[in-house]
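K.L.:
Quick one: sequence and predicted model below, then my questions.
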Amino acid sequence: AIKSPAMGFVFDPTNVQNEITAVNNAYQEFFPSLITGAADPDVVFPKAVKKLKEAGCDKLIAEIQKQYDEWRKNK
């Protein structure tokens with residue numbers, strides 16, 4: 001097996017707690033119906049993506065990436 005370069009990285013969610021909550025709420029609103037086939041993905045998926053972006057998923061991803069990059073630099 002190949003060892004992941006992220007092995008040992010631990011994300012600190014302190015700076016994005018509000019975004020984590022909002023993204024989780026958006027996820028819970030849309031994805032159960034999408035993954036079970038109860039919703040039309042052509043209609044619901046774009047709404048879900050919009051809601052996730054409004055909830056701050058891009059900020060959350062950027063924070064994770066920033067911390068990961070810093071961790072790799074100092075490793």
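P.N.:
Cool, the structure landed. Every value quoted in this text rests on a predicted model; they were computed, and no experiment measured them.
K.L.:
in the lengthiest helix in the chain, what's buried?
P.N.:
For the chain, the longest helix by residue count, based on DSSP state H, is helix 17-36. For helix 17-36, the neighbour count (16 or more other Cβ atoms under 10 Å) marks 19, 20, 22, 23, 26, 30 as buried. Just so you know, the C-beta spots here come from the backbone N, C-alpha and C atoms, and that holds for glycine as well.
K.L.:
Pipe those residues into JSON lines and attach pLDDT and distance to residue 3 per row.
P.N.:
Shown next, in JSON lines, are the buried residues of helix 17-36 (pLDDT from 0 to 100; distance: Cβ to Cβ, whole Å):
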{"residue": "19", "pLDDT": "98", "distance to residue 3": "30"}
{"residue": "20", "pLDDT": "98", "distance to residue 3": "27"}
{"residue": "22", "pLDDT": "98", "distance to residue 3": "34"}
{"residue": "23", "pLDDT": "98", "distance to residue 3": "29"}
{"residue": "26", "pLDDT": "96", "distance to residue 3": "33"}
{"residue": "30", "pLDDT": "95", "distance to residue 3": "35"}
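K.L.:
from those, which is closest to residue 52?
P.N.:
When the buried residues of helix 17-36 are compared for distance to residue 52 (Cβ to Cβ), residue 26 wins out at 4.9 Å.
K.L.:
on that earlier part again, list of residues touching the very next helix or strand once past the longest helix of the chain?
P.N.:
Downstream of helix 17-36, the first helix or strand assigned by DSSP states H and E is helix 41-55. Applying Cβ atoms under 8 Å, 6 or more residues apart in numbering, the external contacts of helix 41-55 come out as 19, 22, 23, 25, 26, 27, 29, 30, 31, 33, 34.
K.L.:
mind putting those residues in a markdown table, distance to residue 41 included?
P.N.:
Below are the contacts of helix 41-55 laid out as a markdown table (distance: Cβ to Cβ, whole Å):
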| residue | distance to residue 41 |
| --- | --- |
| 19 | 25 |
| 22 | 22 |
| 23 | 19 |
| 25 | 20 |
| 26 | 16 |
| 27 | 15 |
| 29 | 15 |
| 30 | 10 |
| 31 | 11 |
| 33 | 10 |
| 34 | 6 |
